[in-house]
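Visitor: give me a model of this one.
(one chain, ligands or ions: 1)
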Amino acid sequence: MPELPEVETVVRGLRATIVGRTFARVHTSAPTASIVVSPSLPKGGLEKNLPDRAVLGVDRRGKNILIRLSGDLTLWVHLKMTGRFLYVDISQPLDKHDLAVFDFRPDEHTGSLHLRFNDYRRFGRLRLFPNHELMWQPGLVDLGPEPLEIAVDDFVALCRKRDRMIKAALLDQRFLAGLGNIYADEALHASRIHPKRLTQSLSRRKLIDLHAHIQRLLKHAIRLMGTSVRTYSAVNGSPGAFQKKLLVYGHEGHPCGRCGTKIVREMIGSRSAHYCPRCQKPGR
Ligand SMILES: [Zn+2]
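Guide: Numbers count the residues shown, from 1 in each chain. Predicted coordinates:
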């Protein structure tokens, strides 16, 4: 699933391509669960509600994309497993997993380009809400702080508040918004913290370390346009490059870059965790 750096890359791609453009025809062929339009808006889905609205800006909150539209509406997008946006020429043949196609009013620079939302697993969500309703939606209202914005003392306090496994906490979007399995595993390995360690058992120094590694990894991954596993790509179709920098995620059975011990993959709760059994001892 795309995590913070991948979603940030998509957001930057959308900013560079669709901000300032005005929707014309919109066509969707998505399953009904994929597209939600607030009941307070006119019936007829995105096809009815998007045309003639201008894209004012694109924001990210955790792994959520918020496309700000004229008329106080926001198109709220979650890519989930395999959702992606592609900004391509209209003449390019449609793919059967292009679930939504957004045409814009012609403009002199980008007349023949349009936006497609492609999602072969079909867990992605496109939701349209008036702004005053958006801020109360579950999935947005309950998000934790942004990992690149939270101050170190606030991060320490957050971990101390409730005792739980650190890996589960890092994956919980209500705890911290934006991390997933890849960056949580990498940050714990960099900080030499076993994924099952309880948050309240970690020293202040360890938590300061973890905070620094989370921010370092996320910033580095954003610079490299994210990690490409499965189908993730930027809006221009190019893959990220951070997968070359991963040290534990997907490295099961390979030697740890620090100590040579084989990386293990273990189910913790319903998710797998990759870690080095030597660098990341349960009691340390
Ligand atoms: Zn190691």
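Visitor: pull up the residues of the protein that are close to the ion.
Guide: The chain comes close to the ion at residues 256, 258-259, 261, 276, 278-279, as judged by CB under 5 Å from the ion. Placement of C-beta: from N, CA and C, glycine included.
Visitor: neighbour-wise, which one of those residues leads?
Guide: Cys276 (24 neighbours; other CB atoms under 10 Å).
Visitor: I'd say that residue and Ser191 touch.
Guide: No - under the criterion of CB atoms under 8 Å, Cys276 makes no contact with Ser191, lying 11.7 Å away.
Visitor: so, low pLDDT: which residues of the stretch 151-284 of the chain?
Guide: Along the stretch 151-284 of the chain, segments meeting pLDDT under 70 span 284.
Visitor: the strands in it, which residues?
Guide: Ranges of strands in the stretch 151-284 of the chain, per DSSP state E, counting those that start in this stretch, are 264-268, 271-275.
Visitor: ranking those by burial, who's on top?
Guide: Highest mean neighbour count of these: strand 271-275, a mean of 21 (counted as mean count of other CB atoms under 10 Å).
Visitor: burial measure for Lys48, as a count.
Guide: Count around Lys48 with other CB under 10 Å applied: 12.
Visitor: so the residue located most distally from the centre of the chain, which state does it fall into?
Guide: In terms of distance from the mean C-alpha position of the chain, Glu108 ranks first, at 32.2 Å (CA atoms, centre = their mean). Here Glu108 is coil, with the state taken from DSSP: H, G, I helix; E, B strand; the rest coil.
Visitor: tally of neighbours for the residue of the stretch 101-250 of the chain at minimum distance from the ion?
Guide: Per CB to the ion, His189 is where the stretch 101-250 of the chain lies closest to the ion, at 7.7 Å. Counted with other CB under 10 Å, residues neighbouring His189 total 28.
Visitor: wait, isn't it in contact with Arg278?
Guide: No - the criterion here is CB under 8 Å, and His189 misses it with Arg278 at 11.1 Å.
Visitor: what's the closest non-adjacent residue to whichever residue of the stretch 1-150 of the chain sits closest to the ion?
Guide: Residue of the stretch 1-150 of the chain nearest the ion, by CB to the ion: Glu3 (23.0 Å). What sits nearest to Glu3 in space, not counting adjacent residues and going by CB to CB, 6 or more residues apart in numbering, is Gly180, at 4.0 Å.
Visitor: same check, this time on Val229
Guide: Leaving aside its chain neighbours, Val229 sits nearest to Gln243 (6.3 Å; criterion: CB to CB, 6+ apart).
Visitor: what's the answer for Pro42, then?
Guide: In space, Pro42 is closest to Lys48, 5.6 Å off (CB to CB, 6+ apart).
Visitor: give the buried residues for the helix or strand containing that neighbour.
Guide: Take DSSP states H and E as the rule and Lys48 turns out to sit in helix 45-49. In terms of neighbour count (16 or more other CB atoms under 10 Å), helix 45-49 has its buried residues at 45-46, 49.
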